[in-house]
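*Asks:* I'll drop the sequence and a predicted model, then ask my questions.
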Amino acid sequence: MLDSKSGGSLAKGPAPAPQTEPADAPRPDVATEPRPAVCPVTGAGAGARRLPHAPADHPAVPVGRIGILIANLGTPDNHDYWSMRRYLNEFLSDRRVIDYSPWIWQPLLQLVILSKRPFSSGAAYRSIWNEEKGESPLMTITKEQVTGIRKAMQARHGDRVMVDFCMRYGNPSTPSKVKAMVAAGCEKILFFPLYPQYAGATTATACDQFFRALQEEKWQPSVRTVPAYCDHPAYVEALAQSVERAWEAAEEKPEVLVASYHGVPKRYLMEGDPYHCQCQKTTRLLRERLGWPEERIVTTFQSRFGPEEWLKPYTVEEVARLAESGVKRIAVIAPAFSADCIETLEEINEEIRESFEEAGGESFTYIPCLNAEAAHIEALCTVIDDNLAGWVG
């Protein structure tokens with residue numbers, strides 16, 4: 001057998017003299033400037049080091065870390081026509097969201113819906129846009145949530161954890177953030193879709209995209225996904241506290257609390273999606289925590305799209321029915337949304353409010369999503385720690 005360095009036979013000649021200096025000691029014929037700690041494969045620099053057992057010429061590699069990747073639905077980059085069209089095309093082309101045959105759906109989507117809807121959706125986004133930061137409220141709030149989670153996680157676990165976020169649709173994309181975490185040395189990733197209740201059109205499609213991103217990695221990290229957390233005591237407590245604050249601030253207490261959840265086609269329930277049941281469970285747990293009678297909280301569903309029947313009752317119709325039955329004061333909360341967005345700030349606070357007032361309602365209170373409230377951040381961190389069990393001490 002040949003020695004790959006000398007080309008000679010390993011069976012002949014004297015054994016090489018033992019090395020008497022450290023393997024990484026400078027040699028007189030080699031420049032002594034410090035070699036940058038950058039992995040040529042991943043490009044990682046910060047946190048990279050040369051393994052203690054590696055030879056001197058081994059490149060630096062990132063230290064093993066744990067990534068916590070928070071995921072939300074997504075947002076257009078802007079509210080102009082082409083930004084809206086790109087975003088809506090990605091969203092409405094997702095088979096988890098619209099499961100009609102592409103042969104039927106795509107011509108309708110590309111030729112009809114996407115020629116008109118970007119204008120109306122763009123106007124809706126424009127009405128709530130954070131002009132100061134040049135982004136949607138969902139983006140602003142998600143950044144605030146991640147900042148809070150990152151501070152809490154680093155206080156608990158130090159630099160061993162890395163916290164970041166991605167969007168299922170739009171930017172920052174899930175693949176880009178998975179790639180960044182792998183490059184930063186994350187050998188384990190906890191993927192956390194911010195949906196308290198599981199649905200195929202929300203949690204599942206976010207996980208689908210995460211798994212597709214992993215397919216692109218030569219060396220895949222170990223991964224876990226966070227399940228629905230609608231019955232977690234910390235989440236229910238945060239919801240209840242937000243309701244109590246709203247009741248304390250109201251001069252005249254609302255008569256009914258409407259818990260409005262994002263809708264899905266009724267067919268999804270019949271096909272086994274647990275979303276409807278988990279929404280009902282959320283309302284029940286919230287009511288029990290508040291100590292209220294059943295008639296004081298109503299579960300409804302909003303954001304209906306397309307011709308088929310969706311989960312009922314529809315929020316826009318139910319608030320009108322309440323007003324017509326003599327209820328003058330209501331409050332609306334959206335427990336399925338972790339952050340205020342177009343469906344809450346525009347649809348609930350404008351369209352649904354208008355439906356209630358036109359039917360005779362007098363006082364409409366919208367209770368904001370939990371957003372970056374301290375109790376919410378603590379609840380999310382508790383859920384994260386539950387799912388990090390065995391990965392951190």
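*Replies:* Arrived safely. Here the structure is a predicted model, which is why all the values come from computation and not from measurement. Numbering: from 1, shown residues only.
*Asks:* Stretch 194-210: end-to-end distance?
*Replies:* Stretch 194-210 has an end-to-end distance of 14 Å (C-alpha to C-alpha, to the nearest Å).
*Asks:* How about stretch 70-83?
*Replies:* With C-alpha to C-alpha, one end of stretch 70-83 sits 23 Å from the other.
*Asks:* Just the buried residues of that stretch, please?
*Replies:* Neighbour-count burial for stretch 70-83, counted by 16 or more other C-beta atoms under 10 Å, picks out I70, A71, N72, L73, G74, T75, P76, D77, N78, H79, S83. Any C-beta I mention is one placed from the backbone N, CA and C, and that applies to glycine too.
*Asks:* Stretch 224-244 now?
*Replies:* 224-226, 228-230, 232, 234-243.
*Asks:* on that earlier part again, could I get the buried residues of stretch 70-83 in CSV, plus columns for secondary structure, pLDDT and distance to T142?
*Replies:* Below are the buried residues of stretch 70-83 laid out as CSV (DSSP: H, G, I helix; E, B strand; the rest coil; pLDDT from 0 to 100; distance: C-beta to C-beta, whole Å):
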residue, secondary structure, pLDDT, distance to T142
I70, strand, 98, 7
A71, strand, 98, 9
N72, strand, 97, 5
L73, strand, 97, 10
G74, strand, 97, 10
T75, strand, 96, 8
P76, coil, 97, 14
D77, coil, 97, 14
N78, coil, 97, 17
H79, coil, 97, 17
S83, helix, 97, 18
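*Asks:* ok, so of the residues you listed, who is nearest I128?
*Replies:* H79 (9.3 Å; C-beta to C-beta).
*Asks:* so that closest one touches S120, yeah?
*Replies:* No - look at H79 against S120 with C-beta atoms under 8 Å: they stay out of range, at 11.1 Å.
*Asks:* quick one: A323 from L108, how far?
*Replies:* Counting by C-beta to C-beta, to the nearest Å, the gap between A323 and L108 amounts to 36 Å.
*Asks:* actually T75, not the one I wrote
*Replies:* Applying C-beta to C-beta to T75 and L108 gives a distance of 24 Å.
*Asks:* same check, this time on R150
*Replies:* 42 Å.
*Asks:* what about these two, which has more around it?
*Replies:* R150 (17 against 13; other C-beta atoms under 10 Å).
*Asks:* Excluding sequence neighbours, find me the nearest residue to that one.
*Replies:* V163 (4.0 Å; C-beta to C-beta, 6 or more residues apart in numbering).
*Asks:* element containing the one you found?
*Replies:* Using DSSP states H and E, the element containing V163 is strand 161-170.
*Asks:* Tell me which residues are up against the next helix or strand after that strand.
*Replies:* For strand 161-170, the following helix or strand on the C-terminal side (DSSP H and E) is helix 174-183. With C-beta atoms under 8 Å, 6 or more residues apart in numbering as the test, helix 174-183 has contacts from 42-44, 62, 67, 69, 71, 162, 164-168, 189, 206, 209-210, 212-214, 216-217, 219, 221.
*Asks:* on that earlier part again, would you mind naming the residues that bridge with the residue nearest to R150?
*Replies:* I68 (DSSP bridges).
*Asks:* which ones are touching it?
*Replies:* So V163 contacts G67, I68, I70, V146, I149, R150, M153, Q154 (C-beta under 8 Å, 6+ apart).
*Asks:* Which pair in these has the greatest spatial separation?
*Replies:* Going by C-beta to C-beta, the pair spanning these furthest: I70 and Q154, at 14.6 Å.
*Asks:* And stretch 362-382, end to end?
*Replies:* 39 Å.
*Asks:* Name the nearest residue to E90, sequence neighbours excluded.
*Replies:* Using C-beta to C-beta, 6+ apart, the closest residue to E90 is Y169 (4.8 Å).
*Asks:* And for that neighbour, the neighbour number?
*Replies:* 24.
*Asks:* What pLDDT is listed against it?
*Replies:* Residue-level confidence at Y169 comes out at 97, pLDDT.
*Asks:* for Q220, same thing?
*Replies:* The model's pLDDT for Q220 equals 94.
*Asks:* got the buried residues for stretch 349-366?
*Replies:* Buried residues in stretch 349-366 (16+ other C-beta under 10 Å): N349, I352, R353, S355, F356, A359, G361, S363, F364, T365, Y366.
*Asks:* By pLDDT, give me the weakest of these.
*Replies:* N349 (92).
*Asks:* can you list the weak-confidence ranges in the stretch 1-150 of the chain?
*Replies:* Scanning the stretch 1-150 of the chain for pLDDT under 70 picks out the ranges 1-52, 54, 60-63.
*Asks:* if you set the cut-off to 90 instead, what comes out?
*Replies:* 1-64 (pLDDT under 90).
*Asks:* what ranges do the strands span in it?
*Replies:* Using DSSP state E, counting those that start in this stretch, the strands found in the stretch 1-150 of the chain span residues 48-49, 61-62, 65-75.
*Asks:* Now do the last one: which elements does it pack against?
*Replies:* Contacts of strand 65-75 with other secondary structure elements, assessed using 3 or more C-beta pairs under 8 Å, 6 or more residues apart in numbering; DSSP states H and E, are made with helix 81-92, helix 137-157, strand 161-170, helix 174-183, strand 186-193, helix 205-214.
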